[in-house]
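Peer 1: need a structure here:
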Amino acid sequence: MKPMKPMEPMKPMEPMKPMEPMKGAQPWWPKDLGEPATSGAQNGMKYAFFPDRRRLLVDRDGQVSTYDSGDHRIGGVAQADGAAKILTFTGQDGEVDLGSLKKLD
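Peer 2: Below you'll find the predicted structure:
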């Protein structure tokens, strides 16, 4: 019977590379507006409200529209009809129809 060779030592493990931090979602609104007081998305639509600038931005399938929110302090949104993509926002005095706001672009 032949003698067995001794086991060779294992190579040391290479150090793991540190994990890179995950990148958060990039804002879809212009940086000069700052951070929105509220924002959200559903059914291919997004919105962001900037009370200091009196601006409401709505993104419908990549097409961004800007509205003058006037004295409204928007805090939420309801989507009346997903197919028609009709948005109604909630302000300090109740519902705010998007059609009642002045579209800027």
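
Peer 1: and the closest residue to residue 98 other than its chain neighbours, how many neighbours?
Peer 2: Distances taken as CB to CB, 6 or more residues apart in numbering place residue 87 nearest to residue 98, at 5.0 Å, with adjacent residues excluded. Yep, even glycine has a C-beta here, placed from its N, CA and C like the rest. A count of nearby residues for residue 87, using other CB atoms under 10 Å, gives 21.

Peer 1: Show me what the helix or strand harbouring residue 87 is in contact with.
Peer 2: Following DSSP states H and E, one finds residue 87 within strand 86-91. Strand 86-91 has contacts (CB atoms under 8 Å, 6 or more residues apart in numbering) with 45, 47, 49, 56, 58, 72-80, 95-98.

Peer 1: On the C-terminal side of it, identify the next helix or strand.
Peer 2: Taking DSSP H and E, what comes next after strand 86-91 is strand 94-97.

Peer 1: Could you list the buried residues of that following strand?
Peer 2: Using 16 or more other CB atoms under 10 Å as the test for burial, strand 94-97 gives residue 96.

Peer 1: ditto for stretch 71-78
Peer 2: Buried-residue list, stretch 71-78, by 16+ other CB under 10 Å: 72, 74, 77.

Peer 1: Could you single out the nearest of these to residue 18?
Peer 2: Of all the buried residues of stretch 71-78, residue 18 sits closest to residue 77, with 40.1 Å by CB to CB.

Peer 1: partner residues bridging the closest one?
Peer 2: residue 89 (DSSP bridges).

Peer 1: who's in contact with it?
Peer 2: 40, 47, 87, 88, 89, 90.

Peer 1: Confidence-wise, which helix or strand of the chain is lowest on average?
Peer 2: Using mean pLDDT, DSSP states H and E, strand 76-81 stands out as the lowest-scoring helix or strand of the chain, at a mean of 68.

Peer 1: Contacts only, for the nearest residue to residue 103 once chain neighbours are set aside.
Peer 2: In this structure, residue 103 finds its nearest non-sequential neighbour in residue 67, 5.6 Å apart by CB to CB, 6+ apart. Applying CB under 8 Å, 6+ apart to residue 67 gives the contacts 55, 56, 57, 58, 98, 101, 102, 103, 104.
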